[in-house]
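**Q** pasting the sequence and the predicted coordinates here, then a few questions.
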Amino acid sequence: MNGRQFGAGLILDGASFRLWAPAAKRVDLLLEKFYPLRRGEDGWFVAEIADVKAGARYKFRIDDEIDVPDPASAFQPDDVSGPSEVIDHSSYQWRAAGWRGRPWRETVLIEIHVGTFTQEGSYRGMIAKLDHLAASGITALELMPLAEFAGKRNWGYDGVLWYAPDSVYGRPDDLKALIDEAHLRGLMVFLDVVYNHFGPEGNYLGRYAPSFFTGAQTPWGSVIDYRVPQVRAFAIENAMYWLHEYRFDGLRLDAVNAISEPGEVSMLRDLSIAAGHLSAETNRYIHLVLENGDNRASLLDAGRDPPCGQYRAQWNDDYHHAWHVLLTGETQGYYGDHTKSPMRDVARALASGFVYQGEASAYRGGQLRGEPSGMLSPTAFVNFLQNHDQIGNRALGDRLEGNVDRHAIEAALAITLLAPAIPMLFMGQEWGSKTPFPFFCDFGCMLADAVREGRRREYAWAYATYGDEVPDPLAESTFRSAVLDWETCNERSGQKRLALVRELLAIRQREVVPRLAGAAFGDAHAADNGLLTAYWRMGDGATLQLEANLSTGEIARERRETPGALIWGPETGDVIPPYSVSWRVAAG
């Protein structure tokens, strides 16, 4: 079992099976025949069965009433309600056996949905695109969630079997091959994991382990009760499973603000400590990243190696939202918190991380949001202009490239990709893809209708505006529309944007990354005429300086000598052209 509490594992002469089912009176294992599991302490049912080999398929029968898959199933060849398969993880022969990962400061992320990244929609299909990513200057793939979900298509946030990489994309060894090939090219691979809820179809835990849940609700499902030791262990063991068995370089934890643990030591702290132990034992870099709408700076420490109770960084939604309002003028929903002065909000994010550091959020009904963050390293923030949420949660799933002037987008990219914070792109953004990424899923009839109605309520204004143009989230055509059109990468506009991104990321690796260890925030200022200036104190004593005109007109100024060596952008005199961005490094 390699120290695992949950699931099936091969032993010397067969396999061991363990199920935590505190509400069950009887549990039987279904292989080629029934095997009763013996009840142990604290609700555990266990059995060791001789002559079971890798590839064997099994289910559990609860109280002679219902057959269920293993909640810690390693693989589900026939979807969420089918039998689980015993997997021998030791059989895969790693080619990049000596891979230790890369320091966090070298990270340039690209977020990817496996099913829509290529026409094949598979782990193996992605391998052919790894050279493109590496040549673009990207150093890390971040895969949207892979845990087994119901149906043939899903964003991944409806996973119900957390240990099983979804079979629609391939087998476990196919996922390992993708990670292995990425490592051979110097690319890290991160996985998005969801520990705040289970998906709505295929989760049977409530039948035999109701104490998994509190009875309260998140926006997506029942609250998981991490005060229960077995429940906490299930999540932490799952995180270590992905990091150890599949050799992921890091995890991004989805919406941790929806994890409720009143009066308890945080599960997040325990998970990070476990990752720190694994990092020390294996001599590998392991990076943990949060999505956290509460902006809790106290959870973050970008420089600690190995991680031990803290997290490398947080997705910086504030940075995105401020830019989105500035670029598009949209003010609906959470964008309303950035309408007063989006450019000043961009400046604040550049100067100290979060925009909301304890201020009242109108979107949250006046609730105070966030903690002071300027004392953190700039690399404690993952900054982006687009991601799956901010594209896919739009009614049409449209990208910035279809709505914003390209000069404005390129100025925003020149700032985002060279600023000290860790940058992230969304798949296809490196060449300016306009392929939409609408929300899609594949649930059964009753649940499908509920999803449709929920989307109609949430985006009533969009349905009123666009009517039948809003894609049906359950239609296969909606999923197909999200598959990247790689041919557009070869078009003139695609080649120009890709060349820009490659040049910016090459400068980042040459001029910025070597100075990031020990870097600190400085200050930033946004003027009413569209002039944005900022500086950071870098770890080698140098000062990184930004000057940008984010307006559509020229900005006049007195001619003056600007200190520092120009590393990107035009030399400006008494006039700064529209949407121009200049970066300098001044020696300390």
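**A** Great, that's in hand.
**Q** quick one: low-confidence parts of the chain?
**A** Low-confidence regions of the chain, defined by pLDDT under 70, span residues 1-2, 263.
**Q** how about 80 then?
**A** Within the chain, the stretches with pLDDT under 80 are 1-3, 218-220, 261-265, 445, 461, 558-562, 588.
**Q** please, where are all the strands along the stretch 51-200 of the chain?
**A** Taking DSSP state E, counting those that start in this stretch as the criterion, the stretch 51-200 of the chain contains strands spanning 57-62, 66-68, 84-85, 109-112, 140-143, 147-148, 161-165, 188-193.
**Q** for residue 528, find the nearest of those strands.
**A** Closest to residue 528 of the strands of the stretch 51-200 of the chain is strand 109-112 (Cβ to Cβ; 33.5 Å). In short, each C-beta sits where N, CA and C put it, glycine included.
**Q** partner strands of that closest one, with direction?
**A** strand 140-143 (parallel), strand 422-426 (parallel) (DSSP bridges).
**Q** which one of those strands lies closest to residue 531?
**A** Distances from residue 531 to each of these were compared by Cβ to Cβ, and the smallest falls on strand 422-426, at 22.6 Å.
**Q** can you list contacts of the helix or strand just after that closest one?
**A** Counting by DSSP states H and E, the next helix or strand C-terminal to strand 422-426 is helix 445-458. Defining contact as Cβ atoms under 8 Å, 6 or more residues apart in numbering, one finds that helix 445-458 is touched by 200, 201, 439, 441, 443, 463, 472, 473, 474.
**Q** what's the most distant pair in the residues you listed?
**A** Of all pairs drawn from the contacts of helix 445-458, the one with the longest distance (Cβ to Cβ) is 201 and 463, at 24.5 Å.
**Q** related to what we said a few turns ago, let me have the contacts of helix 445-458 in TSV, adding distance to residue 481 as columns.
**A** Below are the contacts of helix 445-458 laid out as TSV (distance: Cβ to Cβ, whole Å):
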residue	distance to residue 481
200	24
201	23
439	11
441	14
443	19
463	18
472	11
473	11
474	13
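**Q** the helices in the stretch 351-500 of the chain, which residues?
**A** Read by DSSP state H, counting those that start in this stretch, the stretch 351-500 of the chain holds these helices, from start to end of the chain: 388-392, 406-418, 445-458, 460-466, 476-481, 492-507.
**Q** just send those back as TSV, with distance to residue 531 and mean neighbour count too.
**A** Shown next, in TSV, are these (distance: least, Cβ to Cβ, whole Å; neighbours: other Cβ atoms under 10 Å):
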stretch	distance to residue 531	mean neighbour count
helix 388-392	26	20
helix 406-418	12	20
helix 445-458	38	13
helix 460-466	34	13
helix 476-481	40	16
helix 492-507	21	16
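**Q** indicate which one of those is closest to residue 110.
**A** helix 492-507 (10.4 Å).
**Q** extract the CA atoms of that closest one and return them as CSV.
**A** Extracted C-alpha coordinates of helix 492-507, given in CSV (Å, rounded to 0.1, in the frame of the first residue of the first chain):
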residue,chain,number,x,y,z
ARG,A,492,0.3,36.3,-39.7
SER,A,493,-1.4,37.8,-36.6
GLY,A,494,-0.7,34.6,-34.6
GLN,A,495,3.0,34.6,-35.6
LYS,A,496,3.4,38.3,-34.6
ARG,A,497,1.8,37.8,-31.2
LEU,A,498,3.8,34.6,-30.6
ALA,A,499,7.0,36.4,-31.5
LEU,A,500,6.2,39.1,-29.0
VAL,A,501,5.5,36.7,-26.2
ARG,A,502,8.6,34.7,-26.9
GLU,A,503,10.7,37.9,-26.9
LEU,A,504,9.2,39.1,-23.6
LEU,A,505,9.7,35.8,-21.9
ALA,A,506,13.3,35.5,-23.2
ILE,A,507,13.9,38.9,-21.6
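**Q** hmm, who's touching that helix?
**A** By Cβ under 8 Å, 6+ apart, the residues outside helix 492-507 that reach it are 108, 135-138, 406, 410, 413-414, 417-418, 425, 430-433, 488-489, 567-568, 583.
**Q** give me the buried entries from those.
**A** The neighbour-count test (16 or more other Cβ atoms under 10 Å) marks 108, 136-138, 410, 413-414, 417-418, 425, 430-433, 488-489, 567-568, 583 as buried among these.
**Q** now render the helices of the stretch 351-500 of the chain as TSV, adding distance to residue 291.
**A** As requested, those are exported to TSV (distance: least, Cβ to Cβ, whole Å):
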stretch	distance to residue 291
helix 388-392	9
helix 406-418	18
helix 445-458	19
helix 460-466	24
helix 476-481	24
helix 492-507	24
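**Q** of the ones you listed, which is nearest residue 38?
**A** Distances from residue 38 to each of the helices of the stretch 351-500 of the chain were compared using Cβ to Cβ; the minimum, 36.3 Å, belongs to helix 445-458.
**Q** CA atoms of the closest one as CSV?
**A** As requested, the backbone C-alpha atoms of helix 445-458 are provided in CSV (Å, rounded to 0.1, in the frame of the first residue of the first chain):
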residue,chain,number,x,y,z
CYS,A,445,-31.1,14.5,-17.9
MET,A,446,-32.4,15.9,-14.6
LEU,A,447,-29.1,17.3,-13.6
ALA,A,448,-28.5,18.7,-17.1
ASP,A,449,-31.8,20.6,-16.9
ALA,A,450,-30.8,22.0,-13.5
VAL,A,451,-27.4,23.2,-14.9
ARG,A,452,-29.2,24.9,-17.8
GLU,A,453,-31.6,26.7,-15.5
GLY,A,454,-28.9,27.7,-13.1
ARG,A,455,-26.9,29.3,-15.9
ARG,A,456,-30.0,31.1,-17.2
ARG,A,457,-30.5,32.6,-13.7
GLU,A,458,-26.9,33.5,-13.2
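**Q** residue contacts, residue 125?
**A** For residue 125, the residues meeting the contact criterion (Cβ under 8 Å, 6+ apart) are 117, 118, 119.
**Q** next step: these restricted to helices.
**A** Taking DSSP state H as the definition of helices, the contacts of residue 125 contribute residue 117.
**Q** got a quick PyMOL command for the buried subset of the contacts of residue 125?
**A** Burial among these is assessed by 16+ other Cβ under 10 Å; the matching PyMOL selection reads:
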select buried, resi 117+118
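**Q** which single one of the contacts of residue 125 is nearest to residue 553?
**A** Nearest to residue 553 among the contacts of residue 125 is residue 117, at 39.4 Å by Cβ to Cβ.
**Q** the closest one against residue 127, yeah?
**A** No. Applying Cβ atoms under 8 Å, one finds residue 117 not in contact with residue 127, separated by 11.0 Å.
**Q** how near is residue 208 to residue 407?
**A** Distance, residue 208 to residue 407, by Cβ to Cβ, to the nearest Å: 59 Å.
**Q** whoops, I mixed them up, residue 373
**A** For residue 373 relative to residue 407 (Cβ to Cβ), the value is 31 Å.
**Q** again, but for residue 51
**A** In this structure, residue 51 and residue 407 are separated by 68 Å, where distance is defined by Cβ to Cβ.
**Q** cool, residue 78 as well?
**A** Taking Cβ to Cβ as the measure, residue 78 falls 51 Å from residue 407.
**Q** please apply the same query to residue 195.
**A** Taken as Cβ to Cβ, the span from residue 195 to residue 407 is 41 Å.
**Q** please point out which parts of stretch 207-227 sit buried.
**A** The neighbour-count criterion (16+ other Cβ under 10 Å) identifies 208-209, 211-214, 220-227 as the buried residues of stretch 207-227.
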